[in-house]
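Visitor: just need the structure, nothing else, for what follows:
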Amino acid sequence: MDKQPLNEKNFDKARKSYQTKPPILMNCLKAFIIGGLICVFGELLTQMYIHWFDFSEKNATNPMVATLILIAALATGFGVYDKLGQFAGAGSAVPVTGFANSITSAALEHKSEGYVLGVATNLFKLAGSVIVFGVVAAYVLGIIRYAWKLIF
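Guide: Okay, the predicted model is just below:
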């Protein structure tokens, strides 16, 4: 059998023959179910704040988000959220709990460097870009909406 010289094209061809195909459908299903369950839990918290603490429907979402962030931060600290993230993938990363996980994991990673130079300086390392692009997108969409109202 004639061996071909190893170059980039031959290497990619050989590498792909040994790779297993990822279970895309199952990964999507797990992400959908876990993300949905997190959102259902958030809705249950909202209803709890409405019925037990007499919040209005509009005001109940603020403590609900804070509660989800607290639970996700505690779960990250205890190592539970990482296991959930490995199982659910994007289903655990997309809700606000994924944001809390990214902040908490960055803080935990650098806690040995101290509170100021470790935790405080690295707290928003992962989430900072999300915040910046979220603010910029909100600003741009606000300008577009304002211009739309002026024109029409």
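
Visitor: quick one: contacts for Val132?
Guide: The contact partners of Val132, by Cβ atoms under 8 Å, 6 or more residues apart in numbering, come to none. The C-beta positions use only the backbone N, C-alpha and C, and glycine is treated the same way.

Visitor: tell me which element it falls in.
Guide: Here Val132, judged by DSSP states H and E, is contained in helix 128-151.

Visitor: distance from the chain centre to that helix, please.
Guide: 21 Å (Cα atoms, centre = their mean, to the nearest Å).

Visitor: quick one: Ala120 from Ala106, how far?
Guide: 11 Å (Cβ to Cβ, to the nearest Å).

Visitor: so which of those two has more stuff around it?
Guide: More crowded of Ala120 and Ala106, by other Cβ atoms under 10 Å: Ala106, with 20 against 13.

Visitor: what are the contacting residues of stretch 75-93?
Guide: Residues outside stretch 75-93 that contact it (Cβ under 8 Å, 6+ apart): 27, 30-36, 38, 72, 97-98, 100-101, 104-105, 108.

Visitor: what comes up buried for that stretch?
Guide: Within stretch 75-93, the residues that count as buried by 16 or more other Cβ atoms under 10 Å are Ala75, Thr76, Tyr81, Leu84, Gly85, Ala88, Gly89, Ala90, Gly91, Ser92.

Visitor: and the next element down the chain from the helix or strand containing Thr67?
Guide: Element membership for Thr67 (DSSP H and E) is helix 61-77. Toward the C-terminal end, the helix or strand that comes next after helix 61-77 (DSSP H and E) is helix 80-88.

Visitor: okay, the angle between that following helix and helix 61-77?
Guide: Helix 80-88 and helix 61-77 are oriented at 90 degrees to each other (axes from the mean of the first three to the mean of the last three Cα atoms, to 10 degrees).

Visitor: with only the CA atoms kept, save helix 80-88 in PDB.
Guide: Extracted C-alpha coordinates of helix 80-88, given in PDB (Å, rounded to 0.1, in the frame of the first residue of the first chain):
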ATOM      1  CA  VAL A  80     -22.900  21.600  41.200                       C
ATOM      2  CA  TYR A  81     -23.400  24.100  38.400                       C
ATOM      3  CA  ASP A  82     -20.300  22.800  36.500                       C
ATOM      4  CA  LYS A  83     -21.800  19.300  36.400                       C
ATOM      5  CA  LEU A  84     -25.100  20.800  35.200                       C
ATOM      6  CA  GLY A  85     -23.200  22.800  32.500                       C
ATOM      7  CA  GLN A  86     -21.400  19.700  31.300                       C
ATOM      8  CA  PHE A  87     -24.700  17.900  31.000                       C
ATOM      9  CA  ALA A  88     -26.800  20.600  29.500                       C
END
